[in-house]
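Colleague: Structure for this input, please:
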Amino acid sequence: MRNFKILAVITLATLLSSCQQVKEQFIRKELADKTDYTLLDKNNGIRVILCGTGTPQKYGTRGQACTLVSAGGRLFLFDAGENAMRNLEHSYVPLSAIQDIFITHWHSDHFNGLGALINHSWVWGRDKPVRVHAPGKVDQVMHGFAQVYAQDAYYRNTHFVSSPEVAFGVAQPFSIPASQEAIRVYDEGGVTIDAYKVAHEPVEPAVGYLLSYAGKKVFISGDTKISPRYFKALENADLVVHEAINSHLIADAAKVAKEMGRDKDANLMTHVIEYHADTIDLAKVAQEHHVKHLVLTHLTPDPKNFISRILFKHGMSDYYDGEITLANDGTEITLP
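Modeller: From the prediction side, this is the model:
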């Protein structure tokens, strides 16, 4: 019996020691830095991460508008809708390295996550200003976020966070003259970014952005119906990240909603068609302007399964012979 007790004690001690080792291994794994610093490598060409491919529609499964581009060792964020911060973290993006954010227009689903992203990147180490480039009243929005986060910034700076002078975003407003379709809004380190007028009335101003680096071109449309205002940006583009709506599916849904007595929903669906880009029209324009790769985002309706994804793109390949990607949150594309 005495030997049994001794054996039991030894076994228990061994198990506890083993549990401690397992616990420490688990902690080490959780604390390991998973950040993808290769996004800051100047020699990696252009990398594009879709960090939000959804819309503000109810019951959506996707994050709201968000696209990250890595070029020339720098990170550029285009729109920051709800869930932008978490989706970027899920792609292991070094948030503290984002110093330039470009907003396409002031619909809430394109900047719902902006304040949280700026605040979070500062709390976790950003020590340089983040510039927010946008048409319209970006200074008003930045002032509003500064007021909203003022108490949080004070408490965190008092506790442990340094560099309080960069806690808030710095507004970089611009406007495109009536006589022009585009202006240059960024030119540093071999990367240029031009803002193009798009057609999203009654929202005005609204722009898309053309990023050029090392002979490659990436256009991010923001929200727009098909319009010649930005066709020049599409010409021979290596990658076009464009919002897309399947008008036929939405029209069918509106008809059913009306039959169900949901007139308000039906009217909203019909209205949405008027100022977004139909998939078939988009395919035709991409072909006409020799777009090499078309990436669909801001997807309406939300294709939630295999069948709906097929239906969403149906017919596009009849008009466009380039590559089509129906993006998901986290989709990544590299241009070497």
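
Colleague: List the contacts of the residue nearest the centre of the chain.
Modeller: By Cα atoms, centre = their mean, the chain has its centre lying nearest to Cys66, at 1.3 Å. Going by Cβ atoms under 8 Å, 6 or more residues apart in numbering, Cys66 touches 50-52, 77-81, 83-84, 87-88, 113. Yep, even glycine has a C-beta here, placed from its N, CA and C like the rest.

Colleague: Could you do Ala167 as well?
Modeller: By Cβ under 8 Å, 6+ apart, the contact list for Ala167 reads Ile118, Asn119, Trp122, Tyr149, Ala153, Asn157, Val161.

Colleague: Around the third one, how many other residues sit close by?
Modeller: Other residues within reach of Trp122, judged by other Cβ atoms under 10 Å, total 28.

Colleague: Apart from its neighbours in sequence, what residue is nearest it?
Modeller: Leaving aside its sequence neighbours, Trp122 sits nearest to Ala167 (Cβ to Cβ, 6 or more residues apart in numbering; 5.0 Å).

Colleague: ok, now the second one?
Modeller: Closest residue in space to Asn119, ignoring its immediate chain neighbours: Tyr149 at 5.1 Å, by Cβ to Cβ, 6+ apart.

Colleague: so how many other residues sit close to the one you found?
Modeller: There are 19 residues near Tyr149, going by other Cβ under 10 Å.

Colleague: where's it relative to Asp139, distance?
Modeller: Plainly put, Tyr149 is 16 Å away from Asp139 if you go by Cβ to Cβ, to the nearest Å.

Colleague: for the stretch 101-250 of the chain, what spans make up the strands?
Modeller: Secondary structure of the stretch 101-250 of the chain (DSSP state E, counting those that start in this stretch): strands at 131-135, 170-174, 182-188, 191-197, 207-213, 216-220, 239-245.

Colleague: List the pairing partners of the third one within its sheet, with orientation.
Modeller: So that's strand 182-188. If you go by DSSP bridges, strand 182-188 pairs up with strand 191-197 (antiparallel).

Colleague: out of the contacts of Ala167, which are inside helices?
Modeller: Ile118, Asn119, Trp122, Ala153, Asn157 (DSSP state H).

Colleague: I'd guessed the third one sits against Ser163; true?
Modeller: Yes: proximity of Trp122 to Ser163 meets the contact threshold set by Cβ atoms under 8 Å, at 7.1 Å.

Colleague: CA atoms only: put stretch 177-187 into CSV for me.
Modeller: Extracted in CSV, the C-alpha atoms of stretch 177-187 (Å, rounded to 0.1, in the frame of the first residue of the first chain):
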residue,chain,number,x,y,z
PRO,A,177,-11.8,70.4,-60.1
ALA,A,178,-14.9,70.5,-62.2
SER,A,179,-12.8,70.6,-65.4
GLN,A,180,-10.9,67.4,-64.5
GLU,A,181,-11.7,63.7,-64.1
ALA,A,182,-8.8,62.9,-61.8
ILE,A,183,-6.0,64.4,-59.6
ARG,A,184,-2.9,63.0,-58.0
VAL,A,185,-3.3,62.6,-54.3
TYR,A,186,-0.1,60.6,-53.4
ASP,A,187,3.4,60.5,-54.8
